[in-house]
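Trainee: Okay, here's the prediction I keep looking at, along with the sequence it came from:
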Amino acid sequence: MACRISELVLECRDPELLAQFWCNVLDFVVLDRELQPDGTVGEVEIGAADGFGGRQPTIILSRNDDPATAKPRLHIDVNATDRDQDAELERLLALGARPADVGQTGDEQWHVLADPEGNAFCLLKARLPAV
């Protein structure tokens with residue numbers, strides 16, 4: 001028996017903003033919100049419509065107002081499911097992603113992007129079937 005990734009947690013300044021962005025990117029929905037005692041959103045959990053424990057891990061966007069101190073060691077890679085890489089790149093840029101420079105040469109088969117809070121992610125070349 002092995003483990004399975006059930007959730008990814010991303011600390012961020014604005015969970016609602018990133019939830020909207022990543023829901024649009026991944027065709028996810030908001031599954032849950034947790035409010036802090038002052039009424040502000042502390043966490044937003046997003047995922048596929050089948051929810052936690054489904055075929056894909058959920059993403060928890062957890063408020064953290066502390067300044068980021070270092071580049072994260074983990075990033076998300078995404079693949080288009082219904083269009084080619086160039087068309088998906090245009091869609092992601094229209095949603096608010098922006099090109100990011102992490103030292104790539106320009107010869108890579110992927111695009112490095114940043115979400116609205118600057119978290120790097122990659123758009124890979126291969127098209128994958130939708131799950």
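Mentor: Cool, got the structure.
Trainee: and the chain, what are its domains?
Mentor: 1-65, 75-131 (automatic domain parsing).
Trainee: Let me have these in TSV, adding mean neighbour count and mean pLDDT as columns.
Mentor: C-beta coordinates here come from the backbone N, C-alpha and C atoms, glycine included. Below are the domains of the chain laid out as TSV (neighbours: other CB atoms under 10 Å; pLDDT from 0 to 100):
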stretch	mean neighbour count	mean pLDDT
domain 1-65	15	94
domain 75-131	14	95
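Trainee: can you give me the helices for this protein?
Mentor: For the chain, the helices defined by DSSP state H occupy 15-26, 85-95.
Trainee: Generate CSV for these, with distance to E34 as supplementary columns.
Mentor: Below are the helices of the chain laid out as CSV (distance: least, CB to CB, whole Å):
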stretch, distance to E34
helix 15-26, 9
helix 85-95, 25
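Trainee: show me the contacts for the residue positioned nearest the centre of the chain.
Mentor: Central residue of the chain (CA atoms, centre = their mean): W22, 4.8 Å from the mean position. For W22, the contact set (CB atoms under 8 Å, 6 or more residues apart in numbering) comprises F28, I46, I59, L61, D115.
Trainee: ok, the spatially closest residue to the fourth one that is not a sequence neighbour - contacts?
Mentor: For L61, the nearest residue in space outside its immediate sequence neighbours is P15; the separation is 4.0 Å by CB to CB, 6 or more residues apart in numbering. With contacts taken as CB under 8 Å, 6+ apart, P15 has the following neighbours: V41, G42, E43, V44, L61, S62, R63.
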